[in-house]
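Peer 1: Starting from these lines, generate the structure:
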Amino acid sequence: MISLADLASGLRRVAAASLPAALLACADVPTYSGRVVVDLNRTACGAATLTPVLADSAWTATLTPDVNGVYSFASDTLPTGLYVFSLDSAHRLPMVVRTGRGQKVCGTVRKWESLTMSDSETSATFAAELLRIRLAVACDSALTSAPLTTAEGRRRVADSLSVIRDSVRMMADLLLAGLADSSLAALPLMGLPAVYADDADNDILLRRVTALSLSMPECKALALRRDFLSRVSRLNALRAEFQSGRAAPDFVFITEAGDSISSSVLPAKSFALVFWPDSASTPAKSAARVGQLASGGVKVFVEAADAKVPLPAKNAVRGRFARLDARPDLLLFRPVTLLCGKDGTVERLTFDN
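Peer 2: Have a look, this model is predicted:
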């Protein structure tokens, strides 16, 4: 198994590779506008590929080196975005290419981890790639460091994985701190496997992806990622608002018959607020849950997209919530059941999707 000392040493090398200033070995940025140069100093002679990461349609360009082992392409013909320059599966260089901006990468195939970049964003994306490789190697080693057939072995492996990911997270946080919210270099860092979570790290991820989406409104992939993280943010807010023990929400419910029921006049008994999609999308377990609650004496208020899902004859009523602050978010994640106790507090929030 890779040791923590080895991992720390590797992380220090990653940090050195991510320095924002142009390093001496690659300081001579092309003076001609819009040219990206990868100078491998005669150590590569085969074709390389250039592939966009955020493009709506898949394409790959083939690059051939000159006699000096130098690959180049024009950035003024490419949209701003993340790209991967690749010789093979072991030699991948993620790059941030901005339309019309030149940059230079220098090094050799033999010392790939020591590549230097004149562009700070490309430097950060390469640091993220090195972190990804080291994370994968360290996790593979940890998984074989103890037998998974015993409780003690599983505990040791889990502890090792936790330490490894915490170490990588610390370095990723440091690298992110040096990048603007709108920097594309943040994407490969935030995408490190099992390092950042969509729910636990939602504030960080949503802020940066929103900034990127605003700076690149034509990029559908960023818009989709932003919208997904926004939904997770709303889900987090619901879970916080309706965690067990919190006060039950105030509401006004209008029944199909036109009667108005306010939470303020309900007797001191358990009740449930239920939000269903249409009958075709409502799982059987959702309907079964309502039946169980109603048969147990719980008053159930159901808002559904149609009236085709049958309700129990007793203690369940169909209609619409005319006043409920969280209604838009609850409808977004339906089928949802919010169970509240006799004491006026939340007992359980359940999502069936």
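Peer 1: What residues does residue 152 make contact with?
Peer 2: residue 146 (Cβ atoms under 8 Å, 6 or more residues apart in numbering). The C-beta positions use only the backbone N, C-alpha and C, and glycine is treated the same way.
Peer 1: Name the helix or strand for it, please.
Peer 2: Using DSSP states H and E, the element containing residue 152 is helix 151-177.
Peer 1: Please spell out which residues along that helix are buried.
Peer 2: By neighbour count on 16 or more other Cβ atoms under 10 Å, the buried set for helix 151-177 is 156-157, 160-161, 164-165, 167-169, 171-172, 175-176.
Peer 1: Tell me where the chain is predicted with low confidence.
Peer 2: 1-32 (pLDDT under 70).
Peer 1: Could I get the full set of helices for it?
Peer 2: Using DSSP state H, the helices of the chain run over 4-17, 120-143, 151-177, 186-190, 202-215, 220-241, 284-295, 327-332.
Peer 1: who wins for proximity to residue 338 among those?
Peer 2: helix 327-332 (7.3 Å; Cβ to Cβ).
Peer 1: For residue 348, which residues count as its bridge partners?
Peer 2: Beta bridges link residue 348 to residue 339 when assigned by DSSP bridges.
Peer 1: Just give me the residue closest to the centre of the chain.
Peer 2: The centre of the chain sits closest to residue 198, judged by Cα atoms, centre = their mean, with a distance of 4.4 Å.
Peer 1: Leaving out sequence neighbours, find the closest residue to it.
Peer 2: In space, and not counting its chain neighbours, residue 198 is closest to residue 232: 5.0 Å by Cβ to Cβ, 6 or more residues apart in numbering.
Peer 1: what sits against that neighbour?
Peer 2: Counting by Cβ under 8 Å, 6+ apart, residue 232 has contacts 198-199, 202, 206.
Peer 1: rerun that using 7 Å as the cut-off
Peer 2: 198-199, 202 (Cβ atoms under 7 Å, 6 or more residues apart in numbering).
Peer 1: do residue 132 as well
Peer 2: Residue 132 touches residue 192, counting by Cβ under 7 Å, 6+ apart.
Peer 1: Any figure for the gap between it and residue 171?
Peer 2: 12 Å (Cβ to Cβ, to the nearest Å).
Peer 1: Likewise for residue 258?
Peer 2: 61 Å.
Peer 1: now residue 227
Peer 2: In terms of Cβ to Cβ, residue 227 sits 29 Å off from residue 171.
Peer 1: Please apply the same query to residue 48.
Peer 2: 28 Å.
Peer 1: cool, and residue 116?
Peer 2: In terms of Cβ to Cβ, residue 116 sits 19 Å off from residue 171.
Peer 1: hang on, the earlier thing: look up phi and psi at the residue nearest to the centre of the chain.
Peer 2: The phi and psi torsions at residue 198 (degrees, to the nearest 10) take the values phi -60, psi -30.
Peer 1: wait, what's in contact with it?
Peer 2: 205, 229, 232.
Peer 1: can you do 8 Å?
Peer 2: Residue 198 neighbours (Cβ under 8 Å, 6+ apart): 205, 228-229, 232.
Peer 1: And those, which two are furthest apart?
Peer 2: 205 and 228 (9.8 Å).
Peer 1: So which of those two has more stuff around it?
Peer 2: residue 205 (24 against 14; other Cβ atoms under 10 Å).
Peer 1: Pull the contacting residues for that one.
Peer 2: 190, 196, 198, 229.
Peer 1: Could you give the number of residues near the nearest residue to the last one once chain neighbours are set aside?
Peer 2: With Cβ to Cβ, 6+ apart as the measure, residue 206 is the residue that lies nearest to residue 229, at 4.3 Å, once sequence neighbours are left out. By other Cβ under 10 Å, the residues close to residue 206 number 18.
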